[in-house]
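Visitor: Generate a structure from the sequence data that follows.
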Amino acid sequence: MGVISAHGVGVDLDGRTILDDVTLDVVPGEVLVLVGPNGAGKSTLLGVLSGERAPSRGTVTLDGRPLSGIRHQELARLRSVLTQENTVSFPFLVSEVVAMGRSPWARTVQGRDDITVASEAMAAADIVHLARRRYTQLSGGEKARVSLARVLAQDTLVVFLDEPTASLDLRHQEDVMRVGRRLADDGRAVVVVLHDLSLAAAYADRLALVSGGTLEALGAPADVLTAERVERVYGLPVDVHLVEGRPVVIPRRA
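Guide: Residues are numbered from 1 along each chain as shown. Below is the predicted model:
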């Protein structure tokens, strides 16, 4: 089913508490967006939920199994992760980089679908026209979309995306979030870290607002993103307007 559950999770680093007592579930059919100020612990939480980082305390399970007890190869077939530091140093073709996402399925029945799945991933990320380009010759935004396609090609039940829209233009930001929405609608679980509160609210089923390493609020976007809460967490006065039931956050500017 791909249900990931974190209970009482905490992370300490160099004597500092990065996360403290975080409890939440990642469930199929849902887009869960992690938001919060810089340094709040969003990426650390995503790393813990995905099994990329071991918590200092608390538990993280996938369908009741401790993440720490799942071997890397099996975990790579269950969940995929797009990190902020997705880089490829060698001049591989874009098509080759995307095909790397299929490596967990080597020597399996699912490996027979490598070409089809990789092609669909490239189409979803709008990079088909880049297939014969060298990765090292691409712009930052193009590289980001290739990295996303590689993650999509992994074809997992749970997908983690850490700031996937950071270097993208307006159209491709929307494209990425539409991809996440479609994955969830197909029954997958999708967890995204975003800074744009309005973009997060537009596509999330639930928002997790992280502040100072704790879970400040968790719920529907309109319940989480109140003007009072956003101002308190971000230290900036804002107005919040509902557009088709979704909050749009606008800073008050002098």
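Visitor: ok, now which ones touch Thr59?
Guide: Ser5, Ala6, His7, Gly8, Val9, Pro66 (Cβ atoms under 8 Å, 6 or more residues apart in numbering). C-betas here are computed from N, CA, C, even on glycine.
Visitor: ok, now Gln137?
Guide: Going by Cβ under 8 Å, 6+ apart, Gln137 touches Pro91.
Visitor: farthest pair in the contacts of Thr59?
Guide: Farthest-apart pair in the contacts of Thr59 is Gly8 and Pro66; separation 13.7 Å (Cβ to Cβ).
Visitor: ok, Ala153 touching Ser95?
Guide: No: Ala153 is beyond contact range of Ser95, at 10.4 Å (criterion: Cβ atoms under 8 Å).
Visitor: between those two, what contacts are shared?
Guide: Going by Cβ under 8 Å, 6+ apart, residues that sit against Ala153 and also against Ser95 are Ala118.
Visitor: Who has more neighbours out of the two?
Guide: Ala153 (26 against 20; other Cβ atoms under 10 Å).
Visitor: and the more buried one, what is it in contact with?
Guide: Val98, Ala99, Met100, Gly101, Arg102, Val117, Ala118, Ala121.
Visitor: Who wins on neighbours among those residues?
Guide: Val98 (28 neighbours).
Visitor: Which helix or strand contains that one?
Guide: helix 94-99 (DSSP states H and E).
Visitor: can you check Leu34 too?
Guide: Counting by DSSP H and E, Leu34 is found in strand 30-35.
Visitor: in what helix or strand does the residue nearest the centre of the chain lie?
Guide: Central residue of the chain (Cα atoms, centre = their mean): Leu161, 2.1 Å from the mean position. Leu161 belongs to strand 158-162 when assigned by DSSP H and E.
Visitor: roughly how far apart are the residue lying closest to Glu30 once chain neighbours are set aside and Gly29?
Guide: Leaving aside its sequence neighbours, Glu30 sits nearest to Asp205 (Cβ to Cβ, 6 or more residues apart in numbering; 4.4 Å). From Asp205 across to Gly29, the span is 8 Å (Cβ to Cβ, to the nearest Å).
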